[in-house]
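Chemist: one predicted model, sequence on top.
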Amino acid sequence: MQGSESTICLMRKTIDVAASKILYSEAFNEENLKTRWHAYSGEWGVDADGWLAGKNPENFAAMVVSKESYFGNVMVEFEARTVLPSTHDINFMWNGSWDEVSNKRDVGYVAGLQGWWEGKVGIEKSPDYKLNVATPLLDFVPGKTYFIQGGSIDGHCFICADGKLLLEVTDPDPIDSSEFGKVGFEAYCTQIQIRNVRIREIHWTPQTQYYMPEFE
């Protein structure tokens, strides 16, 4: 996948993607979708080209969620695109959970491209949504296939597209990643396609950052 063997430089942290252990890497097919994932709402299926296709015309998060949990500091990487005429919302979750009673996403970090009603790249924390950060600066192209990476290190959340860091935020009250470990994908009033999903255990090193004087 494009950009998968690289480094991601965050504030005071560097992620070595190639050294980050792969916890999940399995192509989508109808059997995989039944055994490894749970489609809670919306229409989800696998097309002939191996894309996981999600469709939901309503204004709520229709999700497919992993049956297994991936605890700790994890990163999700995948290829995705909107299906025209849909133009927005490629969203995913990690360090997550599902409320079976209300049939809604519970605790979890959520990130995405071209969402938040105004075409923004964003990161938020469910279910209270007191942590929200977003930017409209990505020149998103509907129907284009993007290589997306996102995850967190002890609450330091980030999202990248096509090898470029788009957004990061440090959560002052991090999710307990030893307790919450579901990964999921979300169709919010959109049609999307997803393939080549990998879930990694993040390998990172702390970095001392400082400026070199540019003048005397």
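Modeler: Everything's here; your move.

Chemist: dihedrals phi and psi, Glu31?
Modeler: Glu31 adopts backbone torsions of phi -70, psi -50, taken as degrees, to the nearest 10.

Chemist: try Glu30
Modeler: Per degrees, to the nearest 10, the backbone of Glu30 is at phi -60, psi -40.

Chemist: before we move on, what about Leu113?
Modeler: phi -110, psi 140.

Chemist: that one and Asp162 touch, don't they?
Modeler: No: applying C-beta atoms under 8 Å as the test, Leu113 and Asp162 come out as separate, 10.6 Å apart. (Each C-beta comes from the backbone N, C-alpha and C, glycine too.)

Chemist: name the residues contacting each of these two.
Modeler: Shared contacts of Leu113 and Asp162 (C-beta atoms under 8 Å, 6 or more residues apart in numbering): Tyr146.

Chemist: need the contact list for Glu26.
Modeler: So Glu26 contacts 32, 36, 197 (C-beta under 8 Å, 6+ apart).

Chemist: which of those fall within helices?
Modeler: Among these, the residues falling in helices (DSSP state H) are 32, 36.

Chemist: what subset of the contacts of Glu26 is buried?
Modeler: Neighbour-count burial (16 or more other C-beta atoms under 10 Å) is assigned, among those, to Val197.

Chemist: closest to Tyr129 among the contacts of Glu26?
Modeler: Closest approach between these and Tyr129, by C-beta to C-beta: Val197, at 25.3 Å.

Chemist: residues contacting the closest residue in space to the closest one that isn't next to it in sequence?
Modeler: Leaving aside its sequence neighbours, Val197 sits nearest to Phe78 (C-beta to C-beta, 6 or more residues apart in numbering; 4.4 Å). Taking C-beta under 8 Å, 6+ apart as the contact definition, Phe78 lies against 92, 147-148, 194-198.

Chemist: in strands only, show me those residues.
Modeler: When DSSP state E defines the strands, the subset of the contacts of Phe78 inside them is 92, 147-148, 194-198.

Chemist: about what we covered before: look at Leu113 and Asp162 and report which has more neighbours.
Modeler: Higher neighbour count among Leu113 and Asp162: Leu113, with 25 against 13, using other C-beta atoms under 10 Å.

Chemist: ok, the closest residue to that one other than its chain neighbours - how many residues close by?
Modeler: In space, and not counting its chain neighbours, Leu113 is closest to Ile90: 4.7 Å by C-beta to C-beta, 6+ apart. When neighbours are counted by other C-beta under 10 Å, Ile90 registers 28.

Chemist: ok so, going back, make JSON lines from the ones in strands among the contacts of Phe78 and add distance to Val183 to it.
Modeler: As requested, these are exported to JSON lines (distance: C-beta to C-beta, whole Å):
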{"residue": "Phe92", "distance to Val183": "7"}
{"residue": "Phe147", "distance to Val183": "17"}
{"residue": "Ile148", "distance to Val183": "13"}
{"residue": "Ile194", "distance to Val183": "12"}
{"residue": "Arg195", "distance to Val183": "15"}
{"residue": "Asn196", "distance to Val183": "14"}
{"residue": "Val197", "distance to Val183": "8"}
{"residue": "Arg198", "distance to Val183": "10"}
